[in-house]
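Student: Fold the following.
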Amino acid sequence: MEMIIGGAFQGKGAYARKTHPEVAWKNGADLEKEDLMTADGVLDFQEYIKKELKADRNVAGLAEELSEKNPDIILVSQEVGYGVVPMDAFDRKYREAVGRVCTGLAAKCSKVTRVVCGIGTVIKNA
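Tutor: Take a look at the predicted model:
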């Protein structure tokens with residue numbers, strides 16, 4: 001499993017496509033759970049988490065389930081935990097969920113790359 005993370009509009013998607021041109025990328029906002037468990041690569045993974053939370057589904061075990069069912073997936077996710085804490089309760093819940101799921105996934109990934117200004121820096125390569 002591999003993760004590519006970074007802030008909004010930092011070039012994560014372009015970096016992922018350039019680094020892994022063989023991958024059929026899917027958008028997290030458009031995926032159902034079954035699709036996620038079989039996808040090669042997912043852009044905007046944080047949008048999948050948002051969709052699940054809006055549907056009132058629990059994402060607490062998502063990192064474990066995904067690592068077991070789709071250990072070769074490449075996930076591209078926005079870091080949503082920086083900056084001002086949102087006033088809206090759902091936005092705070094979403095921010096925390098993305099952070100917790102991505103932290104769990106990063107622990108299981110063999111490679112994690114952080115992209116800033118289009119430049120990828122490998123922060124884990126196990």
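
Student: for Ser67, helix, strand, or coil?
Tutor: Classification of Ser67 by DSSP: H, G, I helix; E, B strand; the rest coil places it in helix.

Student: Excluding chain neighbours, give the residue nearest to it in space.
Tutor: Lys108 (4.3 Å; C-beta to C-beta, 6 or more residues apart in numbering). Quick note: C-beta positions are derived from backbone N, CA and C, even for glycine.

Student: try Val116
Tutor: Val116 sits nearest to Gln10 (C-beta to C-beta, 6+ apart), 5.5 Å away.

Student: is it true that that neighbour lies in a helix?
Tutor: No. Using three-state DSSP, the secondary structure at Gln10 is coil, not a helix.

Student: burial count for the nearest residue to Arg92 once chain neighbours are set aside?
Tutor: Sequence neighbours aside, Pro86 is the residue nearest to Arg92 in space, at 5.2 Å (criterion: C-beta to C-beta, 6+ apart). When counting by other C-beta atoms under 10 Å, one arrives at 13 neighbours for Pro86.

Student: helix/strand/coil for Pro86?
Tutor: Secondary structure, three-state DSSP: Pro86 is coil.

Student: any idea where the helices of this protein begin and end?
Tutor: Remark: helices assigned in the chain by DSSP state H are 12-19, 33-36, 45-54, 62-69, 89-108.

Student: angle of the last one against helix 45-54?
Tutor: When axes from the mean of the first three to the mean of the last three C-alpha atoms, to 10 degrees is applied, the directions of helix 89-108 and helix 45-54 differ by 130 degrees.

Student: What average pLDDT does helix 89-108 get?
Tutor: For helix 89-108, the mean pLDDT works out to 96.

Student: next one: the third one
Tutor: Per-residue pLDDT values across helix 45-54 average out to 98.

Student: And Gly11, how far from Ala29?
Tutor: 19 Å (C-beta to C-beta, to the nearest Å).

Student: Isn't the residue nearest to Arg92 up against Arg95?
Tutor: Yes. Here Pro86 reaches Arg95: they are 6.4 Å apart, a contact under C-beta atoms under 8 Å.
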